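In: this one's sequence-less:
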């Protein structure tokens, strides 16, 4: 255990430097936004109909560092081969491998996500996805909108909604028959509660998701209010994803499956205790496959 802590200390400064440049973190400051909406359970997508194709033959993935498998294989690097959506690593058994098989996955799946992306970038990514005319588009976006240096810098819910609506509109204009799987935003407070007891606080304090993870050992009322504000904003984002998706007959929201998944220590990156490890990526692939292939 002491050896592992020494390793983390050595890489901590480098980790913070890149994460501050755009991974699931932020290192700037600014004026506060209004308080987040109250927590409530996201509305589920409509009951699947017979028009849904449970065996799509092509797949485009849009999103952020989770879909790029950042820090899953090595320090401060994307590892797309381990991506839950389009990866080729048999140990992860990505969604593309499950749906298309190893021979077709390489040529019929595209990873268009970008580490550090927020919802405002999704329309641009969706335009790129639509150009490939995929039968399925996967969306995992929103963690970076909540993971800012302070809660006041989180993306306002109205802006989040407008960007997501615009992204779906672009897809429908260019690829009207494409199906969409939308993953919920992970439970950031659960990640805090898992990592804070495992020695991650020293790395987090260098700038990883400051709104939730700063001063991780502090259990005082002010720190708890800050974390609750972030959790409520994540809940609001998930309501938006569910509501907007529900209005599109070719869209399936995951029903809160990713948000409800309890990542354990082994399913988090050993370098930042925040992004999914290979094992965590495999769990995300399993959740997506289950929802997409449901009858």
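Out: Yes, it's here. Please read these numbers as outputs of a predicted model, since none were measured by experiment. Numbers count the residues shown, from 1 in each chain.

In: Now residue 136, what are its backbone angles?
Out: Backbone torsions of residue 136, given as degrees, to the nearest 10, read phi -140, psi 140.

In: Surely it is in contact with residue 182?
Out: No: counting by C-beta atoms under 8 Å, residue 136 stays clear of residue 182, with 11.5 Å between them. Every residue, glycine included, has its C-beta placed from N, CA and C.

In: Identify each buried residue in stretch 56-76, please.
Out: Neighbour-count burial for stretch 56-76 flags 56, 58-73, 76 (criterion: 16 or more other C-beta atoms under 10 Å).

In: Averaging pLDDT per element, find the lowest-scoring helix or strand in this structure.
Out: Sorting the helices and strands of the chain by mean pLDDT, DSSP states H and E puts helix 2-22 at the bottom, at a mean of 42.

In: Could you list the low-pLDDT ranges of the stretch 51-200 of the chain?
Out: 198-199 (pLDDT under 70).

In: where exactly do the strands run in it?
Out: 59-63, 109-111, 136-140, 179-182 (DSSP state E, counting those that start in this stretch).

In: Save these as a markdown table, and put in distance to residue 173 too.
Out: Output for the strands of the stretch 51-200 of the chain, formatted as a markdown table (distance: least, C-beta to C-beta, whole Å):
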| stretch | distance to residue 173 |
| --- | --- |
| strand 59-63 | 15 |
| strand 109-111 | 19 |
| strand 136-140 | 13 |
| strand 179-182 | 14 |
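
In: Residue 248 and residue 181 touch, don't they?
Out: No: checked against C-beta under 8 Å, the pair residue 248 and residue 181 is beyond contact range at 11.6 Å.

In: Those two: which is more packed in?
Out: Neighbours per residue, other C-beta atoms under 10 Å: of residue 248 and residue 181, the larger number sits with residue 181, 25 against 19.

In: Tell me what the closest residue to that one other than its chain neighbours is bridged to.
Out: In space, residue 181 comes closest to residue 138 once its chain neighbours are excluded; the distance is 4.9 Å by C-beta to C-beta, 6 or more residues apart in numbering. Here residue 138 shows beta-bridge partners residue 61, residue 181, assigned using DSSP bridges.
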